[in-house]
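**Student:** Got a predicted structure here, sequence first:
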2 protein chains.
Amino acid sequence: MAERLVVIGGDATGMSAASQARRRRPADDLEIVAYERGRHVSYSACGIPYWIGGDTSGPDRLIARTAAEHRARGIDVRLGTEVTAVDPGGARVLVRDGDGHEQWTGYDHLVVATGALPVRPPIPGIDAPGVFGVQTLDDGEAVLRGLERTGVRTAVVVGGGYIGVEMAEAMLRHGLQVTLVDRNPQPMTTLDPDMGRMVREALEGLGVTVVSGSAVRGVLTDDTGRARAVATDDAEYPADLVVLGLGVRPNTALAQDAGLPLGAHSGLLTDRSMRVRGSERIWAGGDCVEVLNLVSGALQHIALGTHANKHGRIIGTNIGGGYATFPGVVGTAVSKVCDVEIARTGLKEDQARAAGLDFVTAVIESTSRAGYYPHAAPMTVKMLAERGTGRLLGVQIVGREGAAKRVDIGAVALTAGMTVGQMVDLDLGYAPPFSPVWDPVLVAARKAADAVAADIARPAAGSPDITPG
Amino acid sequence: MAERLVVIGGDATGMSAASQARRRRPADDLEIVAYERGRHVSYSACGIPYWIGGDTSGPDRLIARTAAEHRARGIDVRLGTEVTAVDPGGARVLVRDGDGHEQWTGYDHLVVATGALPVRPPIPGIDAPGVFGVQTLDDGEAVLRGLERTGVRTAVVVGGGYIGVEMAEAMLRHGLQVTLVDRNPQPMTTLDPDMGRMVREALEGLGVTVVSGSAVRGVLTDDTGRARAVATDDAEYPADLVVLGLGVRPNTALAQDAGLPLGAHSGLLTDRSMRVRGSERIWAGGDCVEVLNLVSGALQHIALGTHANKHGRIIGTNIGGGYATFPGVVGTAVSKVCDVEIARTGLKEDQARAAGLDFVTAVIESTSRAGYYPHAAPMTVKMLAERGTGRLLGVQIVGREGAAKRVDIGAVALTAGMTVGQMVDLDLGYAPPFSPVWDPVLVAARKAADAVAADIARPAAGSPDITPG
């Protein structure tokens, strides 16, 4: 008799797992049903800011594969259908359909791909009309409808992370006066403050008012109950439209209720094959799990479509009878705000310290192309290397065109455990349209290697002088 | 008493070595004299096609540091001065100044940085007016003067390598009717033929007539003795201007006369510290040496400014009392013709075979950005992986904006000795403006890993069937 695979959540991890399992096992061997409480499957949440900003049409363009397409491939997708309980002992899930009917259904394999939920602080006015999240395609449509209202001139974006700066750009594109309110001292806290400052300056250069170190205390509303301003402790900022970009947390209430193991960041804990720890038949991946950071050795929660897709493929391969494992992440992320590119991989300073790692740093300025080549653009590269060993710990880049994807050099070097000394003479692609004769990453590696050597040569503080024989 | 460093050749390697040595040792400890037979030092030969094409002004913009600037830093640069003999036993060189006077001068350290010479086939008409090389700044000026002549409408570029395709583009920019004549079956033989075909199609799409598999037999001249056409065995191609882009060979006649060791490609042989093998005081680097290819294990001649600069820095560090070594290359090169980007690293098929390596290949099509993001451009990635082990052997990329520098991912992976299986889940930067959710390099690695596995699973040809128990 055929086995039964149940998937909870129809986005990247869930549908990748289903597709990969289907590719490896025919329908008479494996029945696959995927429950999605929303109206869409397999869509690119990362694309929503670009849809809102007008870079792409939506929502159809953001859907990689529709429910109908999945069904044509033998995956029974149920939209508007929510799994409300998991019974691992009984190997069954409780499913509520669109009409509210609930029914238990059994599984041989279960994939928990419930994703993440946007952080919504419990402040007054947070649920007022005119306040928007940007996680689902429905959110995207709501923001666009909000922008179409007459008299919309001001927007406040709450949160200075990737979504926040991307949405600030999108609002600028609509001609709005934009304020970005962030409780941190600098936007983009995935970078060290010295690099984050460059993002702040870039935002300000574009005309965004950046308010840092201020927590939002409430959304103020007009007579009709609609958002009109955002209040911090010190001030009010006019907001015909409020966009929440405060990040996400793992959506794991269902898993927790089922007694599945959660980590310190509330994400599900899995083994290398993406099987939930302690479970035989339950798998999990994507935004609802914690992942191993190969540089810090610690578990982390990182919501990124690229990880979610990898997890799904690994899960589907394993359920399908193959063998695949997820090695972990090194913490790579790239983004942009208008023409300013932002990238990071590995650990930044406070992350390194938290991991018990001591380090030296190097910051260099260079250009994306040979200095004499048109459109050579400035680029700042920061590198962290471990004291003594010189092992690369992290790379941060802020620049313009051609800057961000250079971080991949660091990502591979981190994965391979290279030292900055080993990176100094890497044979990177050189031609005037693509790089100065010394690639900026090589210049940073050289400076970092020098810093490692200088640190080793420095006499330890308080150590007695060594008097030669 | 101060030691004396003599540098032969004032470009990347020579002047980098001199500068680095000077930084580490003051003038009263190390006297430095650099002999350059031309009129310029420290210039970017790689920039000449872009200067000719109008992307940058010249020649001053291509000069990183003038002779006067070097002199101000305590390096005695002698332009128009040629070293005509080296006497390693006597630790001295014979120097001929601009007036033709020759004199022996001693050294404590000698840097041989004589670079490379452009290949000029001994065919009729090769020295006619209207035939140009593109190696020196003087060459660049000569081509530009040639382009200014009235009635110049046609150009033939001889050679389909990097310089050839770059010069074909430069000639197009001047509105000429361009023919590229190449004796190989495809242009860009640094790529496999299937990838080179894409470069050919790109050139043809731009309006270049590409004549492959045809050796040039002569340059035909008009009544005044000026070039008017290029003849192959089969045809004549009109050429008001002929540009030679046939590559270069190490300029090592001087070294050979001095009894210094040359390799199979006529390049000087050095140890890891860039000291000439068997010599105590003689160093060499850049376009006149052979380098170790870390993937094939064989020595190679690669003329590239980025290697030359690294060599110079290593030599200067060692002469300066520090310690540095050159690990070798992995064969990375990037280029472009108009908006088509071309990149390669590691070994292509015939190079792998020549190294005794057997391999599987994978070719994939993807895009530079998320498919829904503006300007997402197609990209083809080819990967070679060793049979059995799955070790990455090479990467080739042809695409548009955002394609070429992705080859750096392969360069680092090759340096680290990664397998394609280890590359499948690399944590590369993902955001819609920068990459599809699966970076093209990851897609290629996955296909290559599948090919390695399929190859292992395939029963050996001629092996008996295995009959279970």
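**Tutor:** Received the coordinates, thanks.

**Student:** Check the residue of the stretch 101-250 of chain A found nearest chain B and give its pLDDT.
**Tutor:** Using Cβ to the nearest Cβ, the closest approach of the stretch 101-250 of chain A to chain B is made by A:Y162 at 7.7 Å. For glycine as for every other residue, the C-beta is placed from the backbone atoms N, C-alpha and C. Listed pLDDT for A:Y162 reads 92.

**Student:** Isn't it up against A:T190?
**Tutor:** Yes: A:Y162 lies in contact with A:T190 (Cβ atoms under 8 Å); the separation is 7.3 Å.

**Student:** got the phi/psi numbers for the residue of the stretch 101-250 of chain A closest to chain B?
**Tutor:** Backbone torsions of A:Y162, given as degrees, to the nearest 10, read phi -60, psi -50.

**Student:** Quick check: bridge partners of the closest residue to it other than its chain neighbours?
**Tutor:** Excluding its sequence neighbours, the residue lying closest to A:Y162 (Cβ to Cβ, 6 or more residues apart in numbering or on different chains) is A:S335, at 4.8 Å. For A:S335, the beta-bridge partners are A:I342 (DSSP bridges).

**Student:** What about the closest residue to A:V248 other than its chain neighbours, how many residues nearby?
**Tutor:** Counting by Cβ to Cβ, 6+ apart, A:A116 is the residue found nearest to A:V248 once chain neighbours are left out, at 3.6 Å. Counted with other Cβ atoms under 10 Å in any protein chain shown, the neighbours of A:A116 add up to 21.

**Student:** Cross-check the contact I'm expecting between A:A116 and A:C288.
**Tutor:** Yes: A:A116 is within contact range of A:C288, at 6.6 Å (criterion: Cβ under 8 Å).

**Student:** list the residues that contact both of the two?
**Tutor:** A:250-251 (Cβ atoms under 8 Å, 6 or more residues apart in numbering or on different chains).

**Student:** before we move on, which element is A:A444 in?
**Tutor:** helix A:440-457 (DSSP states H and E).

**Student:** Okay, and A:D194 sits in which element?
**Tutor:** helix A:193-205.

**Student:** could you point out which element follows that helix?
**Tutor:** strand A:209-211.

**Student:** Just the CA atoms of the following helix or strand past that following strand, as PDB, please.
**Tutor:** As assigned by DSSP H and E, the chain's next helix or strand after strand A:209-211 is strand A:216-221. What follows is strand A:216-221 as a C-alpha-only set of coordinates in PDB (Å, rounded to 0.1, in the frame of the first residue of the first chain):
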ATOM      1  CA  VAL A 216       7.500  52.900  18.500                       C
ATOM      2  CA  ARG A 217       5.000  53.400  21.300                       C
ATOM      3  CA  GLY A 218       1.800  53.500  19.300                       C
ATOM      4  CA  VAL A 219       0.100  54.200  16.000                       C
ATOM      5  CA  LEU A 220      -2.100  57.300  16.300                       C
ATOM      6  CA  THR A 221      -5.400  57.300  14.400                       C
END
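
**Student:** For strand A:216-221, name the packing helices and strands.
**Tutor:** strand A:227-232 (3 or more Cβ pairs under 8 Å, 6 or more residues apart in numbering or on different chains; DSSP states H and E).

**Student:** what separates the strand it packs on from the chain centre, distance-wise?
**Tutor:** 27 Å (Cα atoms, centre = their mean, to the nearest Å).

**Student:** do stretch A:183-202 as well
**Tutor:** 17 Å.

**Student:** So what touches that stretch?
**Tutor:** Counting by Cβ under 8 Å, 6+ apart, A:160-162, A:164-165, A:180, A:203, A:210, A:212-216, A:333, A:337-338, A:340, A:342, A:344, A:348-350, A:363, A:380, A:382, A:396, A:398 sit against stretch A:183-202.

**Student:** that older thread, how about the contacts made by the residue nearest to A:Y162?
**Tutor:** A:162, A:165-166, A:341-343, A:404, B:431.

**Student:** Check A:N318 too.
**Tutor:** Contacts of A:N318 (Cβ under 8 Å, 6+ apart): A:273-275, A:283, A:324.

**Student:** what do you get if the cut-off is 6 Å, keeping everything else the same?
**Tutor:** A:N318 is in contact with A:S273, counting by Cβ atoms under 6 Å, 6 or more residues apart in numbering or on different chains.

**Student:** how far does stretch A:152-162 sit from the chain's center?
**Tutor:** With Cα atoms, centre = their mean, you get 19 Å for stretch A:152-162.

**Student:** got it, and stretch A:3-21?
**Tutor:** On Cα atoms, centre = their mean, the centre of stretch A:3-21 falls 21 Å from that of its chain.

**Student:** got the buried residues for it?
**Tutor:** A:4-21 (16 or more other Cβ atoms under 10 Å in any protein chain shown).

**Student:** Looking at the residues you listed, which are in helices?
**Tutor:** Among the buried residues of stretch A:3-21, the members falling in helices (DSSP state H) are A:12-21.

**Student:** Would you convert those into JSON lines that also reports distance to chain B and pLDDT?
**Tutor:** Formatted as JSON lines, those follow (distance: Cβ to the nearest Cβ, whole Å; pLDDT from 0 to 100):
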{"residue": "A:A12", "distance to chain B": "7", "pLDDT": "95"}
{"residue": "A:T13", "distance to chain B": "12", "pLDDT": "98"}
{"residue": "A:G14", "distance to chain B": "14", "pLDDT": "98"}
{"residue": "A:M15", "distance to chain B": "12", "pLDDT": "97"}
{"residue": "A:S16", "distance to chain B": "10", "pLDDT": "98"}
{"residue": "A:A17", "distance to chain B": "15", "pLDDT": "98"}
{"residue": "A:A18", "distance to chain B": "16", "pLDDT": "98"}
{"residue": "A:S19", "distance to chain B": "13", "pLDDT": "98"}
{"residue": "A:Q20", "distance to chain B": "11", "pLDDT": "98"}
{"residue": "A:A21", "distance to chain B": "17", "pLDDT": "98"}
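
**Student:** Fine, thanks again, bye for now.
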